[in-house]
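Chemist: Give me a 3D structure for the following:
(one chain, ligands or ions: 5)
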Amino acid sequence: MDHRIQVFLLLIFTPFLVLANHETSSLDVTGLKSLRALWTNTPPSWWTLDPCEDGWDGVGCHNMRVVSLTLPSMNLTGTLSGDIGQLSELQVLDLSYNKGLTGPLPGEISSLKKLSNIILVGCGFSGPIPPTIGSLQELIFLSLNSNGFSGSIPSSIGNLSKLYWLDLADNHLDGPIPVSHGGEPGLDMLSHCKHFHLGMNKLSGPIPSKLFSSNMSLIHVLFESNKLTGSIPSSLGLVTSLEVVRFDGNMLTGPIPLSLNSLTNVSQLFLSNNKLSGPAPNLTGMNLLHYVDLSNNSFDVSDVPPWFSTLEYLTTLMMEDTQLQGEIPAALFSLLNLQTVVLRNNQLNGTLDIGTTSSQLQLIDLQKNLIKEYEENGGYHGTLILAQNPVCDETGASPSYCKSSQSSDVVPYKTLPNICIPSPCGSDQVSSPNCKCAYPYVGTLIFRAPTFSDLQTSTGYKELEKNLTDSFLSHKLRVDSVALSNLTKDSHAYLSMSLEVFPQSQDRFNRKEVSIIAFLLSNQTFKPPKSFGPFYFIGDDYQHFAGETEQSESNKSSNVGIIIGAAAGGSVLVLILLLVGIYAIGQKRRAKRATDQNNPFGKWDVNNKTRGSTPQLKGARSFSFEELMKYSNNFSEANDVGSGGYGKVYRGTLPTGQLIAIKRAHKESIQGRNEFKTEIELLSLVHHKHLVSLVGFCFDRGEQMLVYEYVANGTLKDSLSGKSGIRLDWQRRLKIALGAARGLAYLHELCDPPIIHRDIKSTNVLLDNRLNAKVADFGLSKSMGNSGRDHVSTQVKGTMGYMDPEYYMTQRLTEKSDVYGFGVLMLELLTARKPIEQGKYIVREVRMAMDKTKDLYNLHVILDSAIGLGTTLKGLERFVDLAMTCVEEQGTNRPTMSEVVKEIENIMQLAGLNPNAESASTSASYEEASSKHPYSNEAFDYSGVFPASKIEPQ
Ligand SMILES: *[C@@H]1O[C@H](CO)[C@@H](O)[C@H](O)[C@H]1NC(C)=O
Ligand SMILES: *[C@@H]1O[C@H](CO)[C@@H](O)[C@H](O)[C@H]1NC(C)=O
Ligand SMILES: *[C@@H]1O[C@H](CO)[C@@H](O)[C@H](O)[C@H]1NC(C)=O
Ligand SMILES: *[C@@H]1O[C@H](CO)[C@@H](O)[C@H](O)[C@H]1NC(C)=O
Ligand SMILES: *[C@@H]1O[C@H](CO)[C@@H](O)[C@H](O)[C@H]1NC(C)=O
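Modeler: Numbers count the residues shown, from 1 in each chain. Ligands and ions are numbered 1, 2, ... in the order given. Below is the predicted model:
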């Protein structure tokens, strides 16, 4: 039969096969569909057939199970179905910023035993927090703030032994703060927890003494604006890790414990608006204090304390109505960081001497005191208020400092345009700091306890902008810039500001991008500069999702519909590629059936007690099933480092200490035995720095396993997609390209007989701990044999998108087919896009977008932003040229791999790199540098939060 007719017939009869092999678990499908049934405004993609396979927005999958659900700022309305309990592999749930999500949080959430992050910030949930939440043993992050939850804090939360972040603020919670007693759990058991954010509720009763002990590792204790009574327990002084303490706005009484000044790491201390009595606190020794607010308490009359002039980082001193008497030392005003002093309504007397002040000082408010004289010396330019002091009342004169309210000349900070002139924008569009009109994603950032009170000086805010932008870019989001505006301090002393995030290439974001931006903020992945302290974010709805108007109604078609639609809209080439892909799957199935009759491994079977007959392969040893089970700790989940169509990869350790990767074929989908054998034979022959080397194999108990050296940093694809967290700049990409090219050149030109890989792709290039590329997976490799011919005829195999068009037309396999695949890989390195994405073929996209007369060949829009756009990408154009010759239609027009190696070496020299140098830094040190936290030494791993590649932005 004509080959192409056969292909078309296969297309007609086999699409269900394609789907059958890649279906989301039916449990998860049912769960998601019942969620969908109660929601309006679910993303349009939620009307395609299969959540994982079709990539429902906000649904992250691993092994066809749903592991994350991140739908912040989607304008979802409705209630949360108890069927969420079906998503039994769910690890991350983020439904933040959907004010229309109302009703209770269903108790069924407690069946999600793998949940690590529950994030429901700024929704409309109400009713009690289900006590069963305490059974989620993996929970590390619980944010339920800014909802309408009521009832008391379930004591069972004390059972969440891994909890790191607890935010229940801004709800209607009442009752006491639970602590353990008589077998009942309590919050005092959360010894790993760093954040108790319980402010803005109606909590009552005393702050339990038991809550604090030296076992706790709290850094933020925020209990402000509740109805707490009793005194501050002296056990507080045992939690020396504390950095921010807010007890303000309660009904606390009694003296402040003397132990307070053992909290030498505290930088923000708010005890204002209580009924605290006894002597004013002695803050001597709390040398990191930046912000102190003790206002409105009932302290005993006391003299100005000595610590007024010794706390060198003090920015803000608020002691209104605290019975202070005596003269203010001039030394207070010369503290270098001082910004605000409010000492209204005390009995401060004598002469006011401001002396020389720090240039940051903006406000001195001494209204209603007993100050008799003020000596103006002209050195101070901020606001001074002395109204209702003898100095104003008695003289009759009315200098400006005698007015009780003064128009301050403080203009709060606002992001201004960079060096460009904003032009007027259309309807809802906004001009970005780079003067591009776009639809920004908008929300409000709220800082609960900043270390400063200055709303004006730009340095801190500029850093915040930069950190925000960097954080978005490092997650591969196409963000152009961010803008801050509307800075205000509210009655809770929270600093709030509007945040606008502008898209880079288009004028709007798509759903994935919005959900990732919002998630980075809701999940606290983004860390602000330390001076801003704890924060939360409330995102607005986004109205302008890219590419949805035409899609929203009719997108209920199947996967096949999309494939065909995409193919029809795209080029014939794409159609052919897809057909070949489907055909290849059919072939593989048939091959599998065939091998059941014909077992080429029979003579290798180590089980038949004739181990001696196992072929002796140089360097590769035969392992028994038991051995590998032991080395991988019973194939434990903790050692599961990846998976693919063939099965799973486990990490293991040999008795010698050598790390290994065990590739274990799925029981049901055991790979063709011929291919298995080929791989062993070939791999044991080749040894090269840029090829993954085989340690051994296991062919035992019906299992097929290959044991490789362990390559620490996983696949290139994981790094390109952002999954691994390793950021690949231009230099690193060049180095990876060179390594992979050298590996291939070795296979083609130095092996005897030469080896054609046949399946070059980004998941078959692994990165070691120095980011050296190592080519892996010779399962489809084909040795050229000694026939002397320059090609071998063979059935078409490979991965769609990387496949040489000449090869699938002629079935003649040559080294040039690998060169083609390598060219596609080079384009992937440049763009971080899959070869075929949304029906677009990368080779064609680059070819069409290319304009050789322009800088970077006009490819800015297609290039991966993480490559370091904005820096000089030396040699990039030559790299594109090389990639394009590799993907020439005719093999004869493509270079050989050694020519490719030479050209990449030249490009590296152009980019100032030595192609023969060993990497100076390991990726490990890079990771350390990039994950520094502003809050003390929180070393918290968020890598599990994007567990699925489906979450990456397109
Ligand atoms: C305040 O505390 C410091 C250090 O603990 C101590 O030396 C000093 O005497 C105390 N001052 C008062 C007034 O209690
Ligand atoms: C300020 O007040 C204190 C305490 O009431 C008193 O001892 C002192 O003499 C007063 N100083 C002046 C200059 O009035
Ligand atoms: C924020 O940006 C500044 C440079 O502007 C950098 O020094 C700092 O480390 C960044 N902080 C975070 C948390 O990324
Ligand atoms: C800032 O506040 C003004 C006035 O309330 C409002 O119109 C504007 O939309 C706000 N800006 C942002 C970015 O939210
Ligand atoms: C959010 O949804 C409501 C109704 O479901 C709709 O009226 C409103 O326009 C939506 N808002 C946005 C910003 O899309």
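
Chemist: count of residues packed around residue 254?
Modeler: Residue 254 is flanked by 15 other residues according to other CB atoms under 10 Å. The way it works is simple: take the backbone N, C-alpha and C, and place the C-beta from them, glycine included.

Chemist: And it, which helix or strand is it part of?
Modeler: strand 253-255 (DSSP states H and E).

Chemist: The following helix or strand past that strand: partners in the sheet, and parallel or antiparallel?
Modeler: Remark: after strand 253-255, the chain's next helix or strand is strand 268-270, criterion DSSP H and E. Applying DSSP bridges to the sheet, strand 268-270 is found paired with strand 244-246 (parallel), strand 291-293 (parallel).

Chemist: For this structure, which element, helix or strand, carries the lowest mean pLDDT?
Modeler: The helix or strand of the chain with the lowest confidence, counting by mean pLDDT, DSSP states H and E, is helix 559-569 at a mean of 26.

Chemist: how much space is there between residue 820 and residue 883?
Modeler: 10 Å (CB to CB, to the nearest Å).

Chemist: Give me the common contacts of these two.
Modeler: Counting by CB atoms under 8 Å, 6 or more residues apart in numbering, no residue touches both residue 820 and residue 883.

Chemist: who in the chain is up against ligand 2?
Modeler: 325-326, 349-350 (CB under 6 Å from any ligand atom).

Chemist: how about 5 Å then?
Modeler: For the chain, the contact set with ligand 2 under CB under 5 Å from any ligand atom comprises 325, 349-350.

Chemist: With mean pLDDT, distance to residue 722 and mean neighbour count as new columns, can the strands paired with strand 268-270 be given to me in JSON lines?
Modeler: Shown next, in JSON lines, are the strands paired with strand 268-270 (pLDDT from 0 to 100; distance: least, CB to CB, whole Å; neighbours: other CB atoms under 10 Å):
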{"stretch": "strand 244-246", "mean pLDDT": "98", "distance to residue 722": "31", "mean neighbour count": "26"}
{"stretch": "strand 291-293", "mean pLDDT": "97", "distance to residue 722": "36", "mean neighbour count": "24"}
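
Chemist: between those strands, which one is nearest to ligand 3?
Modeler: Nearest of the strands paired with strand 268-270 to ligand 3, taken as CB to the nearest ligand atom: strand 244-246 at 16.5 Å.

Chemist: Report the buried residues of stretch 521-538.
Modeler: Neighbour counts using 16 or more other CB atoms under 10 Å place 521-529, 531-538 of stretch 521-538 among the buried residues.

Chemist: Kindly apply the preceding question to stretch 449-457 instead.
Modeler: 449-455.

Chemist: in the stretch 501-650 of the chain, what spans have low per-residue confidence?
Modeler: For the stretch 501-650 of the chain, the stretches flagged by pLDDT under 70 are 548-619, 644-646.

Chemist: can you rerun that using 90?
Modeler: Across the stretch 501-650 of the chain, the ranges flagged by pLDDT under 90 are 504-507, 543-650.

Chemist: Up against ligand 3, what does it have?
Modeler: For the stretch 501-650 of the chain, the residues in contact with ligand 3 (CB under 5 Å from any ligand atom) are residue 527.

Chemist: give me the residue from the stretch 501-650 of the chain nearest ligand 4.
Modeler: residue 540 (8.1 Å).

Chemist: The closest residue in space to that residue that isn't next to it in sequence bridge partners, please.
Modeler: Nearest residue to residue 540 in three dimensions, chain neighbours excluded: residue 442, at 4.8 Å (CB to CB, 6 or more residues apart in numbering). Beta-bridge pairing of residue 442 under DSSP bridges involves residue 500.

Chemist: How many residues are close by residue 442?
Modeler: With other CB under 10 Å as criterion, residue 442 counts 17.

Chemist: Show the model's pLDDT score for it.
Modeler: As predicted, residue 442 sits at a pLDDT of 97.

Chemist: Quick one: residues contacting it.
Modeler: Residue 442 neighbours (CB under 8 Å, 6+ apart): 498-501, 539-540, 542.

Chemist: circling back: surely the residue of the stretch 501-650 of the chain closest to ligand 4 and residue 73 touch.
Modeler: Yes - shown here, residue 540 and residue 73 form a contact pair, counting by CB atoms under 8 Å, at 7.0 Å.

Chemist: nearest residue to residue 121 other than its sequence neighbours?
Modeler: residue 96 is the one closest to residue 121 (CB to CB, 6+ apart), at 4.0 Å.

Chemist: To which secondary structure element is residue 69 assigned?
Modeler: strand 65-70.

Chemist: Where does pLDDT dip in the stretch 301-450 of the chain?
Modeler: 334, 355-360, 375-382, 392-401, 403-412, 416-428.

Chemist: can you count the residues close to residue 258?
Modeler: Residue 258: 13 neighbours (other CB under 10 Å).

Chemist: I'd say it and residue 282 touch.
Modeler: Yes - counting by CB under 8 Å, residue 258 touches residue 282, with 7.2 Å between them.

Chemist: and the longest strand along the chain, what's its mean pLDDT?
Modeler: For the chain, the longest strand by residue count, based on DSSP state E, is strand 479-489. Strand 479-489 carries an average pLDDT of 95.
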